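In: Quick one, what's the 3D model for this:
(2 chains)
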Protein chains: 2
Amino acid sequence: MVATVRIPDSIQTPEVLIDLDVLQHNITSLAHAVSARGQRLRPHAKTHKMQQIADLQLAAGACGLTVATVGEAEVFAEKGVRDLFIAYPLWVGGPMARRLTALAGRTALRVGIDSVEGARNLAAQLGPNQGALGVMVELDSGHGRSGAVPGAAVEIAQAARAAGLRVAGLFTFPGHSYGPGASAGAVADESRVLEGAARDLRATGFGDLELSGGSTPTAHAATAGVATEVRPGVYVFNDAQQLEMGHCGFADIALTVASTVVSRRPDPRGGGRVVLDAGSKVLGGDRPAWASGFARILGHPDARVTALSEHHGTVEFPEGARLPRHGEKLQVIPNHVCLVPNLVDAVTVVRQGRGGDGLHGAYSIVDRWSVAARGCNS
Amino acid sequence: MVATVRIPDSIQTPEVLIDLDVLQHNITSLAHAVSARGQRLRPHAKTHKMQQIADLQLAAGACGLTVATVGEAEVFAEKGVRDLFIAYPLWVGGPMARRLTALAGRTALRVGIDSVEGARNLAAQLGPNQGALGVMVELDSGHGRSGAVPGAAVEIAQAARAAGLRVAGLFTFPGHSYGPGASAGAVADESRVLEGAARDLRATGFGDLELSGGSTPTAHAATAGVATEVRPGVYVFNDAQQLEMGHCGFADIALTVASTVVSRRPDPRGGGRVVLDAGSKVLGGDRPAWASGFARILGHPDARVTALSEHHGTVEFPEGARLPRHGEKLQVIPNHVCLVPNLVDAVTVVRQGRGGDGLHGAYSIVDRWSVAARGCNS
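Out: Numbering: from 1, shown residues only, chains lettered A, B, ... in the order given. Prediction:
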C-alpha cells in the first residue's frame, strides 16, 4: 500500500476525499446483490447527503431514497427525487406540519409513526391535505431505540387508519446488527418481527404492505429475510466499523479524510506516536466499545487512533513500524462515516492512477461535490 | 425547574438555543476572575465560532482571541479582530502558507510550533514576509497529545530564531484537567512546565515571554499559576462535562438543544424511556468514561441520556419519575459544547421571562446568530 504518497499538494488538510471508482463499485455491487434477492433498494441518504451520489444510486436501480428528517426530504425533493421515505417517528407541529404537507404535495412520501399518539397527532396536523403520504409503523426488532413493541403494530395501524391516514407498511432498524458477529442474529430478528406483525396486520384487513428493513450489515447478509425493501446507508463509502466487523476490506473504502502529520513522538524502539490535523470536527467522535480505536489509517493497518480531540487525531504505531514524517499526509478512515459529510460543505472527488509498479498511484482530482443536505436536522 | 413549558411553539427542533443573560454572566464573571489574578484572557473561539460572542468577550476585556485553525483566524480577522493566536502546531505548505502570510499582514498573529522540523518548515514556507507573526512553542504538560517534551523547549526556540522566526513565548493545553478532581493537579503541572521552560529560555537569551495556559477547568482554578494569559473556551456556555466535574451548576448553562419527545416507552413502575429528536448530528458524540451519559437534560437532573445515534437521543427516567409526554419539548445539555455550534448554520438567542410564581418563565426569542466559522477545519 502506498497511501502516503498519492495525495496532491494542492489539497489543504483535513479534507474529505471520495474515491469515485470505489464509490461506483460499492453502489453497483450492492444494487445487484439486493436485486438478485428480489428486494427493492431504498438507500439511506443521511450518510452522504449529496445529490450526485443519490443520482448514482437511482441510476443503479434504487427505487427511491430513505432520509431521516423533513429537511433532508425537502433537499432531495428539490433535486427531483420523486419517492422518499422519512424513516423516523415524526412528531410534527406548527411550521413543520406545513412543510410536511407541502412535501407530500410534490413527491411520493412515506413517514414513520411508532405510537397511537403519533398517528393521531400526524393526522390532526396534516388534516385532509395528505397528498400521496403513507405511514409506516416502526417496530423495535431488538435495537431498543424508537419503534413500538411488535405486539402493538395492529393497534397503531388501526389508530392511523381511523384517523384518516393511509397505512403503507412496517419498518424496523436492526441497529443491534452493529458488532462483530451480530448481523446474522439481527437479520433473523428483523425477519421475525416484520413477518409476525405483517401477519397480524393482514389478519385485520391491511393488505399490500411494504416491509422495510436493513442497515448495511443486514443488507450484506446472504439471505433476504422477509423484507420487501432494504435501507442501507453506509455501504456507499464503508468505514472503519464495517471494516472491523468484516463487512468490507480496505479496498472497499470510498471515503477517507486526508490529513497531515503535525506532531511526532518517536519511540526509541521504533514506532511511536504522531498527531494528525484531523479530529472529531471532521471525523465525528463515535467509538463503540468493540472498535479498536477512533478511526483507522489507510495503508497502515497496524496503526491505531487512540485519541481524538477536535483538531487532533493521536495515532500510535507499533514497535518496529516506520513512523510517518512531519508533514506526511495520511488518509484516515472514520469509524462511522455518516457523521463526516455532515461536517463539511463539500468533498473532493478523486480517482487513483496506476503506478508503474502495478500498485495504485497518485490521485487526480476529478470533481468537487457540495453536501446539499448538510445540517438538515429538522 | 420548569424547563418543559418555556420553549416557543415556533421553534422547530432540534434547535440550538443560547440564553443571552446566562452567556453574558459567564463571560463577565470569568473575565473579572482572570483579571483579578493579573492574567490576560484570550478566550478560545473554536467553542462558539460566532462574531457576536467574540464581540462580547472583547468588550469584557479579552486581549484577543485564540483559534485552532488558519480558517478560523481568517474569519475573525475579517470581522475586525486584531490579535489572534492559532494555538496549534501548524504544518503549512502550498496554499496554506500563502493564506498564513496574508493573515500575518493584517493582524497581530501568533502560531504554535512543537518541533525543530516545524520551526524550520514554517520559516521556509513564510520566507521573509512574516509581518507581525510570532511563534509560541507548545509543550506537553501531561495531556499526551501534541506539544514537545518540556526539556526540548530551548532547542526548538533556538531553531526557530536561527531560521528567522520571532519567538513570542510558550504554551500548553492541560487537557488532563478534564475529569472529576483532576483540575488542581493539571494547574500545578501547567505551572511547573511553563515555569521550568521559561527559566531555561531566559537563561539562553529569550526575554519578554508570553506564558499561555488554560482550559476552562484551570481558568476556574483559584490560583493563577505562572501563566500570563489563559485560553478557556467552554466557559461561555458550560456543558454537561463541566457540570459533572463540578465547575458549574445548571443555572450556568447558556447553550441547550431544544428537542421533542418523538417516542416513549413507559415503565409500569413509573419512569421509563423516551427518545428525543436530538442525536449526535446536533449534540456531538463525545462521552468520556467518567461521564454519566451522552448529555444531560435541563430540569430533569435524574434523567440520563443512555444512547445517542444520529437523530435519536435515548433518555432513561428513573422509577417513580414522571415520564415526559409525546411532543413535549426538552432542553438537552450537550456533554462537550465545542462540537455543537460547528454542527449548525445559526443559533437562536433567547431570554427567560419571569413567571408569576417567581420561577423562570417562557423564553422570548431575541436574535438569531450565524456561526461564522462553522466548518473551518483548515
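
In: tally of neighbours for the residue lying closest to residue A:213 once chain neighbours are set aside?
Out: In this structure, residue A:213 finds its nearest non-sequential neighbour in residue A:227, 3.5 Å apart by C-beta to C-beta, 6 or more residues apart in numbering or on different chains. (C-beta placed from N, C-alpha, C; glycine too.) The number of residues packed near residue A:227 is 27, by other C-beta atoms under 10 Å in any protein chain shown.

In: close enough to count as contact, residue A:283 and residue A:307?
Out: No - applying C-beta atoms under 8 Å, one finds residue A:283 not in contact with residue A:307, separated by 11.9 Å.

In: shared neighbours, these two?
Out: A:294, A:313 (C-beta atoms under 8 Å, 6 or more residues apart in numbering or on different chains).

In: Who has more neighbours out of those two?
Out: residue A:283 (28 against 18).

In: List the contacts of the nearest residue to residue A:99 once chain neighbours are set aside.
Out: Nearest residue to residue A:99, sequence neighbours excluded (C-beta to C-beta, 6+ apart): residue A:70, at 5.5 Å. With contact set as C-beta under 8 Å, 6+ apart, residue A:70 has these partners: A:86, A:90, A:92, A:96, A:99-100, A:103, A:378.

In: try residue A:130
Out: Residue A:130 makes contact with A:101, A:104, A:164-166, according to C-beta under 8 Å, 6+ apart.

In: so which strand or helix has it?
Out: Using DSSP states H and E, residue A:130 falls within no helix or strand.

In: Tell me how far it lies from chain B.
Out: 19 Å (C-beta to the nearest C-beta, to the nearest Å).

In: Give the helix, strand or coil label for the residue in the stretch 201-350 of chain A positioned nearest to chain B.
Out: Closest to chain B within the stretch 201-350 of chain A is residue A:263: 3.9 Å, counting by C-beta to the nearest C-beta. Secondary structure, DSSP: H, G, I helix; E, B strand; the rest coil: residue A:263 is strand.

In: Once you drop chain neighbours, what's closest to the residue in the stretch 101-250 of chain A that chain B sits nearest to?
Out: Closest residue of the stretch 101-250 of chain A to chain B, C-beta to the nearest C-beta: residue A:146 (3.9 Å). Closest residue in space to residue A:146, ignoring its immediate chain neighbours: residue B:263 at 3.9 Å, by C-beta to C-beta, 6+ apart.

In: since we're on the one you found, how many residues are nearby?
Out: A count of neighbours around residue B:263, defined by other C-beta under 10 Å, yields 27.

In: which residues sit in contact with it?
Out: Applying C-beta under 8 Å, 6+ apart to residue B:263 gives the contacts A:89, A:114-115, A:118, A:145-147, B:274-275, B:312.

In: can you rerun that using 6 Å?
Out: A:89, A:114, A:146, B:275 (C-beta atoms under 6 Å, 6 or more residues apart in numbering or on different chains).

In: Against residue B:108, how distant is the second one?
Out: With the distance defined as C-beta to C-beta, to the nearest Å, residue A:114 ends up 56 Å from residue B:108.

In: neighbour count winner among those two?
Out: More crowded of residue A:114 and residue B:108, by other C-beta under 10 Å: residue A:114, with 30 against 17.

In: Would you confirm that that one contacts residue A:145?
Out: No - with contact defined as C-beta atoms under 6 Å, residue A:114 does not reach residue A:145; the gap is 10.0 Å.

In: Which element, helix or strand, includes residue A:361?
Out: Here residue A:361 sits within strand A:360-370, counting by DSSP H and E.

In: what comes into contact with that strand?
Out: A:6, A:50, A:52, A:346-355.

In: Kindly report the same for stretch A:36-51.
Out: Residues contacting stretch A:36-51 (C-beta under 6 Å, 6+ apart): A:31, A:34, A:54, A:57, A:62-68, A:79, A:224, A:229-231, A:233-234, A:236, A:338, A:341, A:369, A:371-374.

In: Buried ones among the residues you listed?
Out: Among the contacts of stretch A:36-51, those scoring as buried are A:31, A:34, A:54, A:57, A:62, A:64-68, A:224, A:229-231, A:233-234, A:236, A:338, A:341, A:369, A:371-374 (criterion: 16 or more other C-beta atoms under 10 Å in any protein chain shown).

In: Point out where chain A drops to low pLDDT.
Out: A:1-5, A:222-224, A:355-360 (pLDDT under 70).

In: Now do the helices in it.
Out: A:20-36, A:51-59, A:70-78, A:95-104, A:116-126, A:153-162, A:183-203, A:216-219, A:240-245, A:280-283 (DSSP state H).

In: Out of these, which gets nearest to residue B:195?
Out: Counting by C-beta to C-beta, residue B:195 lies closest to helix A:280-283 out of the helices of chain A; the figure is 31.6 Å.

In: pull the CA atoms of the closest one into CSV?
Out: Output of helix A:280-283 as CSV, limited to C-alpha atoms (Å, rounded to 0.1, in the frame of the first residue of the first chain):
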residue,chain,number,x,y,z
SER,A,280,-13.6,14.9,15.8
LYS,A,281,-14.7,18.1,14.0
VAL,A,282,-14.1,16.3,10.7
LEU,A,283,-14.2,12.6,11.6
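
In: Walk me through the domains of chain A.
Out: A:3-18+A:241-370, A:82-232 (automatic domain parsing).

In: Looks like residue A:231 contacts residue A:66 (just checking).
Out: Yes - counting by C-beta under 6 Å, residue A:66 is a contact partner of residue A:231 at 4.4 Å.

In: can you tell me which residues contact residue A:216?
Out: Taking C-beta under 6 Å, 6+ apart, one finds A:232, A:234-235 in contact with residue A:216.

In: With distance to chain B added, can I get those residues in CSV?
Out: As requested, these are exported to CSV (distance: C-beta to the nearest C-beta, whole Å):
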residue, distance to chain B
A:232, 15
A:234, 11
A:235, 16
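
In: So which of those residues sit within strands?
Out: Secondary structure from DSSP state E places none of the contacts of residue A:216 in strands.

In: For the residue nearest the centre of chain A, grab phi and psi.
Out: By C-alpha atoms, centre = their mean, chain A has its centre lying nearest to residue A:233, at 3.1 Å. Phi and psi for residue A:233, reported as degrees, to the nearest 10, are phi -120, psi -50.

In: Between the two ends of stretch A:229-248, what distance do you get?
Out: 22 Å (C-alpha to C-alpha, to the nearest Å).

In: Tell me the buried residues in that stretch?
Out: Buried residues in stretch A:229-248, counted by 16+ other C-beta under 10 Å: A:229-245, A:247-248.

In: now do stretch A:78-94
Out: Neighbour-count burial for stretch A:78-94 [16+ other C-beta under 10 Å]: A:81, A:83-93.
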